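> Please find the sequence and the predicted model below.
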Amino acid sequence: MRDRPARGTHVARTGRYRAACPHSLEAELTRPIVVITHPKRLAACLRLLPIIGTCLSLAVGNAAADDASIRIAYPSGMNAQVVIAMEKAGIAEKAGLKPEYTAFQYGPPMMEALASGAIDTVVTSLMPITSYAVKVPGGIKIVAMVGQSSHSLLVAKDSGITTAEALAGKTVGVSFGSDSHLDLLVWLGEHDLKGKVTLVNIAPAELASSLASKSVDAILIRQPQVLRLQQQTGAKTLHTWPFRFVSVVRTKFLEEHPREVAAYQAALRNAMVYVAQNHAQAAKWFGEYARTDPAIIEEVSSDDPLYNKKASDIDLSVAASDRALIAKWSDDALAQGMIKKKLDVGSLFEK
């Protein structure tokens, strides 16, 4: 038997009739939409609006509090150590986040995942973010400076090459499009070697074997492989550069989740403090991931000035000097042809 409509009540969107005013707020919120025209019933319902508003505000607030998810990615280099410490020590969770971690063997696919929205933040280095920012203007923001490691130009111990000038007419293996590539191009220019050295594009994982097989005369390779090759093969170093790390987030994620990004920044700093205070454990975790002796990890980690700092002195915020460094880096990248147009460096930073 069908319900009869109360006087002054019109049912919208359904063919059913209901009473005008609720006895239960929860029941009312789940009922079909109605238009109330009876004055007394309308007044009664209006008195409930503040209560309904409060309930809805609490519901939205609770939903936001629960939405603490963040997808964090990292590559295979030394810049992964701080992220792995964050994951293993549960540091992001202690900051109120629900992290999801993804490791990438190489930077390009990681940045593609960032562009697609599959991840929210990455720890990487300067060249990937420079290339990304040119292709996707305004798409990312730098939220932390995450220390540094190093990369070096190595030759075999019996190569006879002991100076930069001796590289003229030789072949150098380097991963094109990387930080190492830009540093090498600038350095060759400084030594009047541009056009006098043949560069060969070699994947990071194959650089050591290319030097061992003598398919190239020198390689530019990152830590911890530098120390490992020095110890195991007697490789000699011609030059060493700092390899700087940053963390970026998608601008859209930052705009929609500022609280999560702030918690992530705090977690990154706490992870760096953890690494600085727990060298052996952090090296063990990263060594397992990188399949490298933890003793080597500990030794090369000292390249990072933050590694031996007191907790109170560890600051990952982006300083004016960092902005100047990144501006020069992007200018060098343009001058060396690694990016095709000038980067609006200011777009990389939070206001």
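Perfect, I can see it now. Predicted model only: the values in this text are computed from it and were never measured.

> any idea which helix or strand carries Ser76?
Per DSSP states H and E: Ser76 is located in neither a helix nor a strand.

> got a list of what it touches?
When the contact criterion is Cβ atoms under 8 Å, 6 or more residues apart in numbering, the partners of Ser76 are Ala103, Phe104, Gln105, Tyr106, Pro204, Ala290. C-beta coordinates here come from the backbone N, C-alpha and C atoms, glycine included.

> In three-state terms, label the residue lying closest to Gln231 once chain neighbours are set aside for me.
Of all residues not flanking Gln231 in the chain, Ile296 sits nearest, at 7.7 Å (Cβ to Cβ, 6 or more residues apart in numbering). Applying DSSP: H, G, I helix; E, B strand; the rest coil to Ile296 yields a three-state assignment of helix.

> I'd like the numbering to begin with 648 instead of 1 from here.
OK, 648 is where the count begins now, so the last one is Ile943.

> Tell me the spacing between Ile943 and Pro952.
Distance of Ile943 to Pro952, given as Cβ to Cβ, to the nearest Å: 19 Å.

> Okay, strands next: where are they in the stretch 698-847 of the chain?
For the stretch 698-847 of the chain, the strands defined by DSSP state E, counting those that start in this stretch occupy 716-721, 745-750, 768-772, 787-802, 818-821, 845-848.

> just the helices in this structure please.
Ranges of helices within the chain are 672-676, 686-713, 727-735, 738-741, 754-763, 773-782, 826-837, 854-859, 872-880, 898-903, 905-924, 926-937, 941-948, 967-982, based on DSSP state H.

> and of these, who's closest to Phe996?
The closest of those to Phe996 is helix 967-982. By Cβ to Cβ, the value is 6.5 Å.

> which of Ile943 and Pro952 has more neighbours?
Higher neighbour count among Ile943 and Pro952: Ile943, with 19 against 12, using other Cβ atoms under 10 Å.

> What about the closest residue to Lys843 other than its chain neighbours, how many residues nearby?
Ranked by Cβ to Cβ, 6+ apart and with sequence neighbours excluded, the top spatial neighbour of Lys843 is Ala815, at 4.5 Å. Ala815 has 12 neighbours, counted by other Cβ under 10 Å.

> Just the local confidence number for Ala815, please.
Ala815 is assigned 96 on the pLDDT scale.

> coming back round to it: tell me the most buried of the strands of the stretch 698-847 of the chain?
Highest mean neighbour count among the strands of the stretch 698-847 of the chain (mean count of other Cβ atoms under 10 Å): strand 768-772, with a mean of 26.

> that older thread, next up, the contacts around the residue nearest to Gln878.
Contacts of Ile943 by Cβ under 8 Å, 6+ apart are Pro871, Leu874, Arg875, Gln878, Gly934.

> Identify the residue spatially nearest to the last one, adjacent ones excluded.
The shortest distance from Gly934 to any non-neighbouring residue, by Cβ to Cβ, 6+ apart, is to Pro941 (3.8 Å).

> is it true that that neighbour touches Lys931?
Yes: at 4.8 Å, Pro941 counts as touching Lys931 under the criterion of Cβ atoms under 8 Å.

> Could you check which of the two is surrounded by more residues?
Pro941 (18 against 14).

> check contacts around that one.
Contact partners of Pro941, counting by Cβ under 8 Å, 6+ apart, are Ala927, Ala930, Lys931, Phe933, Gly934.

> One more: Ala736?
Neighbours of Ala736 in contact, by Cβ under 8 Å, 6+ apart: Ala918, Tyr921.

> Check the spacing between it and Glu853 real quick.
With Cβ to Cβ as the criterion, Ala736 and Glu853 are 33 Å apart.

> got a pLDDT number for the residue nearest to Gln878?
Looking at Ile943, its pLDDT stands at 92.

> Buried residues, stretch 988-998. List them.
Neighbour-count burial for stretch 988-998, with 16 or more other Cβ atoms under 10 Å as criterion, is recorded at Leu990, Val992, Leu995.
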